[in-house]
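Student: coords please:
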Amino acid sequence: MEGLRIWDLKILTQVYETPLEIYFLSKVIFLAGFHLRFKTMRNSSGISNGMKKLILAAVGLLLIFPTLTFASGYNSWTRQRLGPSTGYGEPKMSANGKYMVVQKMAGPIHTGTFWFFKVKGAKPLWRYKGSKIFDLAISKKGDYVAAVGSKIQLFSKKSKRPLWSNNLGVSVMDSVAITPDGNYIVTGDRFGTVFLFEKGNRNSIKTWRVFPGEFVNKAVISSDGKYLVVGSDLGVALLDRNKNNPVWKYKTKEADGSADSILHLSMSSSGKYFVATTSQGDNLYLFNKNKRKPKWTYHQDSFHPI
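Tutor: Okay, the predicted model is just below:
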C-alpha cells in the first residue's frame, strides 16, 4: 500500500495545482490505505470488530479535522492575499487589437471557463465552459484561440465549440503559444515533453522529450513556427521544427549551484533573440539562438556580459 500511496501522490502533483487540493486528497488516500490494512487484522488479532470500527472512526476524525482547519485557513489567506473568490486571469489580445480572450478564475485557482470578446463590444461573442484551463493564446487577427490545461484545444473565433481537442494521455499543460497566422501551436506538459501542432491536425506533428520528469513552465514560438523555446525547472531549450532533438539546452542555476526555474520567456518575431527570467535566483538572460550561452545576464543590480 505504501508504494501505491507514493505513486498516487506523484500523480496528484501533476494533476492538481493548489496545496489544498493535494493536501486533502493525500489524506483521503492515507485513510483508504489505513482502512485496507486494518481489515487484514480481522483474523490475526484479538480485537473485536466493534473496537476496530471505533478506532477507524477516531483515526478518520483526526485526519479530517486538521484538513478542514487547513482548508479554512487557506481560503482565508487566498481572499486576503489574492483577492476575491472569483475574478479574471491574464487577458490575451490579438495583435490587430480587434479580439481578446480572458479566463475566469476562482481566486488563485484556474477554472474551465473563458470568454471571447470583440473589442468594440461590451459583451463577449461567446463563452466556453469545460475542462480546467491553465493558459490561452490568440492569433494575430483573432481567428484562432489555443487553450491548454487537462487537454489542448483549438477554437475558431466563430464558435465556442473547439475545432479539435487532444488530452495527450494523462498530460497536464501549463503554457501554450500560437504563431500569428494560427498555423502552429506549441505546448509542453508536466513530464517534460514538448508538442508541436498544426491548426488542421489534432495530433501533434512533432514531439520532443526535453526535460524528463520536469514541468514545462513556459513555451514560445517564432512567427514562422520554425523555432521554439521552452523553459522548465532545470533551464531553457531551443528547438527547431525540422530537427528531432533540441538544438541546445542551457541549465540555469542559482548562486549556490542549484537549479533555477524558468517561468517567463519572450521571443523576437524572427526567433533570433529571446529572453528568460527565473523564479528563485532573480536572473534575467538574453539569448541569441545561434549560441547556447546567454549573450548577457542581469542579476538584480549586477550586469554580467558574456
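
Student: list the contacts for G89?
Tutor: G89 makes contact with 102-105, 110, 114, 136 under the criterion Cβ atoms under 8 Å, 6 or more residues apart in numbering. Placement of C-beta: from N, CA and C, glycine included.

Student: so which of these is the most crowded?
Tutor: F114 (26 neighbours; other Cβ atoms under 10 Å).

Student: pretty sure M105 contacts G112?
Tutor: No - counting by Cβ atoms under 8 Å, M105 stays clear of G112, with 11.2 Å between them.

Student: Pull the contacting residues for the nearest residue to Y184 once chain neighbours are set aside.
Tutor: Nearest non-adjacent residue to Y184, counting by Cβ to Cβ, 6 or more residues apart in numbering: G225, 3.4 Å away. Contacts for G225 (Cβ under 8 Å, 6+ apart) come out as 179, 183-184, 196, 241.

Student: Buried only: go through those for me.
Tutor: Neighbour-count burial (16 or more other Cβ atoms under 10 Å) is assigned, among these, to 179, 184, 196, 241.

Student: now, which of the residues you listed lie within strands?
Tutor: Using DSSP state E, 184, 196 are the members of the buried ones among the contacts of G225 that sit in strands.

Student: For the buried ones among the contacts of G225, give me CSV that also has pLDDT.
Tutor: What follows is the buried ones among the contacts of G225, written out as CSV (pLDDT from 0 to 100):
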residue, pLDDT
T179, 98
Y184, 98
L196, 98
R241, 97
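
Student: Tabulate the buried ones among the contacts of G225 in a markdown table, adding columns for distance to M173.
Tutor: Listed next are these as a markdown table, based on distance: Cβ to Cβ, whole Å:
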| residue | distance to M173 |
| --- | --- |
| T179 | 17 |
| Y184 | 16 |
| L196 | 13 |
| R241 | 19 |
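
Student: Indicate each strand paired with the longest strand seen in the chain and its parallel or antiparallel sense.
Tutor: The single longest strand within the chain, with elements called by DSSP E, is strand 109-118. If you go by DSSP bridges, strand 109-118 pairs up with strand 99-106 (antiparallel), strand 124-129 (antiparallel).

Student: Compare those and report which one is nearest to M173.
Tutor: M173 sits nearest to strand 99-106 of all the strands paired with strand 109-118, at 14.2 Å, using Cβ to Cβ.

Student: Extract the C-alpha trace of the closest one and format it as CSV.
Tutor: Provided in CSV are the C-alpha atoms of strand 99-106 (Å, rounded to 0.1, in the frame of the first residue of the first chain):
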residue,chain,number,x,y,z
TYR,A,99,-10.3,40.5,-30.4
MET,A,100,-9.4,39.2,-26.9
VAL,A,101,-9.8,36.3,-24.6
VAL,A,102,-9.9,36.2,-20.8
GLN,A,103,-10.3,33.3,-18.4
LYS,A,104,-12.4,33.1,-15.3
MET,A,105,-10.5,32.4,-12.0
ALA,A,106,-11.6,31.3,-8.6
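
Student: Give me the spatial nearest neighbour of S139, chain neighbours excluded.
Tutor: Per Cβ to Cβ, 6+ apart, closest to S139 is G182, 3.8 Å.

Student: sorry, back to before: any idea which of the buried ones among the contacts of G225 is closest to K206?
Tutor: Nearest to K206 out of these is L196 (Cβ to Cβ; 4.2 Å).

Student: you'd agree that closest one is up against N203?
Tutor: No - counting by Cβ under 8 Å, no contact exists between L196 and N203, whose distance comes to 10.8 Å.
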